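[1] Here is a sequence with its predicted model. Questions after.
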Amino acid sequence: MSLQTTRTDERTDDPLLAVEGLKKHFDQSGGVLDRLVGDDTTVRAVDGVDLAVEAGETLAVVGESGCGKSTLGRTILNLDDATAGSVHYDGEELTGLSAGEMRPHRRDLQMIFQDPLAALNPRQTVGEILTAPMEVHDIGTDADDRTERARDLLERVGLKPGHATRYPHQFSGGQQQRVGIARALSLEPELIIADEPVSALDVSVQAQILNLLDELQADLGLSLVFIAHDLSVVRHVADRVAVMYLGEIVETAPVDELFENPAHPYTRSLLSAVPRIDPGDRDERIILEGTVPSPMDPPSGCRFHTRCPAVIPPEEWPGTEEAFRDAFSFRNHVLSAELDREAAKDRLRSEDRGTDEGSVAGYFVEQLLSREPADLPSAAADAIREAADELAAGNRDRAETIVAEAFPSPCEREVPQSREASPGHTAACHRVEE
Ligand SMILES: Nc1ncnc2c1ncn2[C@@H]1O[C@H](COP(=O)(O)OP(=O)(O)OP(=O)(O)O)[C@@H](O)[C@H]1O
């Protein structure tokens, strides 16, 4: 946890790492045809991220798979070129530096990867893996000194000095990750980005590696950006947590504040999946519908609105919020274009039911609306039945227009600004007030 480092004592108030408006887009266009057809083939993996990491601090970046966490880590370290925005490390801008210009900074900024074996050269001994980067960066007086440093590093990460002569495949997963950590430490970095460092490991080994990282961070005064998809993993290592959804940071808070007073519905749903020691403590589990939408075509307004369990009804909605959310969920199924008439007919046939348009429409409603249409305000029920009829008749565009017009939400219209929910705690949600 936060410990002041001796080497950063003389620094100014600027954070050690400052990330502003960082974007990383990947162009996926196959070529001329894509451009002619006008398909937008840009993957907006990281789409305007602001972050600050103080010296000696551990910041966890958390979100589901595909939210852009790894890309964020790689772009911060200039392993991927940024599309826009800036990264300042110790006051110096890293964005746009060539590989040669980055070299002096590589010593200070290291990365630990999810799959330790894939990140280690199988043809080098562990000793060589540790001494090679030292040689490149002129660390150590001579080969003997570097070998001695490698042996010390192995001890530091809980391995034996004698392990230096072994090859990566001769170790268990946990031991391989220890080697990966030792390699990152071999350059005496100030900041390490650890990208899911324990998610490939057995649960029994995860805690050991987390403790090791925590210990090293405290002893060496390292700054750590800890990327994870699972909030439970970060509780005991992080000082602050940034929650990422579809290329954006939706909430940032000190770790205890985030666990106790999550402000964003996305954070709440991630938290509800974290096992609690006291089962009586457990709030109702929030199951998020579907997976993260495609970063090629992110939802408008608040990007989370298509899955949000707290999506806001329009002012004129006559029913309860729960009723709106059920209707809104139906709407999103229709708009996601995942409904297939033929598949519905196959299913009906397998259940010995009719496959005329009326039956298919009824089947869509039954599958996608978690209440009877009659339990909705009557105009909403009519819109749902009408949309289902159009879908069953093959008029997808018409169905989409009906649901989009019948169930609008302010969340899809306006992009929520990041607001301060409490000191040091910000969230970008229309429900959060300053
Ligand atoms: N080189 C690339 N080219 C095109 N798209 C990419 C590339 N790298 C990542 N992406 C896409 O960017 C999005 C974010 O990916 P990223 O790996 O950063 O997410 P993540 O949150 O780290 O997920 P995971 O935990 O599964 O790695 C995904 O949709 C992914 O397919």
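    Thanks, I have it.
[2] and the helix ranked longest in the chain, C-alpha only, in PDB?
    Criterion DSSP state H: the longest helix present in the chain is helix 203-220. Output of helix 203-220 as PDB, limited to C-alpha atoms (Å, rounded to 0.1, in the frame of the first residue of the first chain):
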ATOM      1  CA  VAL A 203      -6.700 -19.800  -6.800                       C
ATOM      2  CA  SER A 204      -4.400 -21.300  -4.200                       C
ATOM      3  CA  VAL A 205      -1.400 -19.600  -5.800                       C
ATOM      4  CA  GLN A 206      -3.100 -16.300  -6.500                       C
ATOM      5  CA  ALA A 207      -3.000 -15.000  -2.900                       C
ATOM      6  CA  GLN A 208       0.800 -15.800  -2.700                       C
ATOM      7  CA  ILE A 209       1.500 -13.700  -5.800                       C
ATOM      8  CA  LEU A 210      -0.800 -10.900  -4.600                       C
ATOM      9  CA  ASN A 211       1.000 -10.900  -1.300                       C
ATOM     10  CA  LEU A 212       4.400 -10.800  -3.000                       C
ATOM     11  CA  LEU A 213       3.400  -7.900  -5.200                       C
ATOM     12  CA  ASP A 214       2.000  -6.100  -2.100                       C
ATOM     13  CA  GLU A 215       5.200  -6.700  -0.200                       C
ATOM     14  CA  LEU A 216       7.500  -5.600  -3.000                       C
ATOM     15  CA  GLN A 217       5.500  -2.600  -3.700                       C
ATOM     16  CA  ALA A 218       5.800  -1.500  -0.100                       C
ATOM     17  CA  ASP A 219       9.500  -2.400   0.300                       C
ATOM     18  CA  LEU A 220      10.600  -0.800  -2.900                       C
END
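[3] Name the next helix or strand following it along the chain.
    Heading C-terminal from helix 203-220, the first helix or strand you meet, by DSSP states H and E, is strand 223-228.
[4] so what does whichever helix or strand comes after that following strand touch, helix or strand wise?
    Next along the chain after strand 223-228, taking DSSP H and E as the criterion, comes helix 231-234. With contacts taken as 3 or more C-beta pairs under 8 Å, 6 or more residues apart in numbering; DSSP states H and E, helix 231-234 sits against strand 58-62. Where you see a C-beta, it was placed from the backbone N, CA and C, and this is true even at glycine.
[5] what about the next helix or strand after the strand it packs on, distance to the chain center?
    The helix or strand immediately downstream of strand 58-62 is helix 69-76, counting by DSSP H and E. Relative to its chain's centre, helix 69-76 lies at 10 Å (C-alpha atoms, centre = their mean, to the nearest Å).
[6] Please work out the average pLDDT along helix 69-76.
    Helix 69-76 shows a mean pLDDT of 96.
[7] repeat for stretch 349-365
    91.
[8] and Tyr266, what is it in contact with?
    Shown in contact with Tyr266 (C-beta atoms under 8 Å, 6 or more residues apart in numbering): Val243, Tyr245, Val250, Glu251, Phe304, Cys308.
[9] Flag every buried residue along the longest helix of the chain.
    Using 16 or more other C-beta atoms under 10 Å as the test for burial, helix 203-220 gives Val205, Gln206, Gln208, Ile209, Leu210, Leu212, Leu213, Asp214, Leu216, Gln217, Leu220.
[10] Equivalent analysis for stretch 257-270, please.
    Buried residues in stretch 257-270, defined by neighbour count with 16+ other C-beta under 10 Å: Glu257, Leu258, Phe259, Pro262, Ala263, His264, Pro265, Tyr266, Thr267, Ser269, Leu270.
[11] Does Arg303 touch Met244 like I think?
    No. Arg303 is beyond contact range of Met244, at 10.8 Å (criterion: C-beta atoms under 8 Å).
[12] Grab the two from the buried residues of stretch 257-270 that are most spread out in space.
    Maximum pairwise distance in these, criterion C-beta to C-beta, is 17.6 Å, between Glu257 and Ser269.
[13] where in the stretch 1-150 of the chain is pLDDT low?
    1-12, 30-40 (pLDDT under 70).
[14] how about the helices in it?
    Applying DSSP state H, counting those that start in this stretch to the stretch 1-150 of the chain gives helices spanning 32-37, 69-76, 99-106, 116-119, 126-136, 143-156.
[15] Which is the succeeding secondary structure element to the longest one?
    Remark: after helix 143-156, the chain's next helix or strand is helix 173-185, criterion DSSP H and E.
[16] so what's Leu185 closest to, chain neighbours aside?
    Nearest residue to Leu185 in three dimensions, chain neighbours excluded: Leu153, at 5.8 Å (C-beta to C-beta, 6 or more residues apart in numbering).
[17] before we move on, what about Pro314?
    With sequence-adjacent residues excluded and distances taken as C-beta to C-beta, 6+ apart, Pro314 is closest to Pro408, at 5.4 Å.
[18] if I look at that neighbour, how far off is Ile384?
    15 Å (C-beta to C-beta, to the nearest Å).
[19] Which residue of these two possesses the greater neighbour count?
    Higher neighbour count among Pro408 and Ile384: Ile384, with 26 against 16, using other C-beta atoms under 10 Å.
[20] Around the residue nearest to the more buried one when sequence neighbours are not counted, count how many other residues there are.
    Excluding its sequence neighbours, the residue lying closest to Ile384 (C-beta to C-beta, 6+ apart) is Pro373, at 5.3 Å. Pro373: 19 surrounding residues under other C-beta under 10 Å.
[21] In contact with Pro373, which residues?
    Val365, Ala380, Ala381, Ile384, Arg385.
[22] let's see it at 7 Å
    Contact partners of Pro373, counting by C-beta atoms under 7 Å, 6 or more residues apart in numbering, are Val365, Ala381, Ile384, Arg385.
[23] For the second one, which non-adjacent residue is spatially closest?
    Distance criterion C-beta to C-beta, 6+ apart; nearest residue to Ala381, sequence neighbours excluded, is Pro373 at 3.9 Å.
[24] Phi first, then psi, for the one you found.
    Note on Pro373: its backbone torsions stand at phi -50, psi -30 [degrees, to the nearest 10].
[25] how many other residues sit next to the residue nearest to Phe26 when sequence neighbours are not counted?
    Nearest residue to Phe26, sequence neighbours excluded (C-beta to C-beta, 6+ apart): Val43, at 4.2 Å. Using other C-beta under 10 Å, Val43 has 19 other residues around it.
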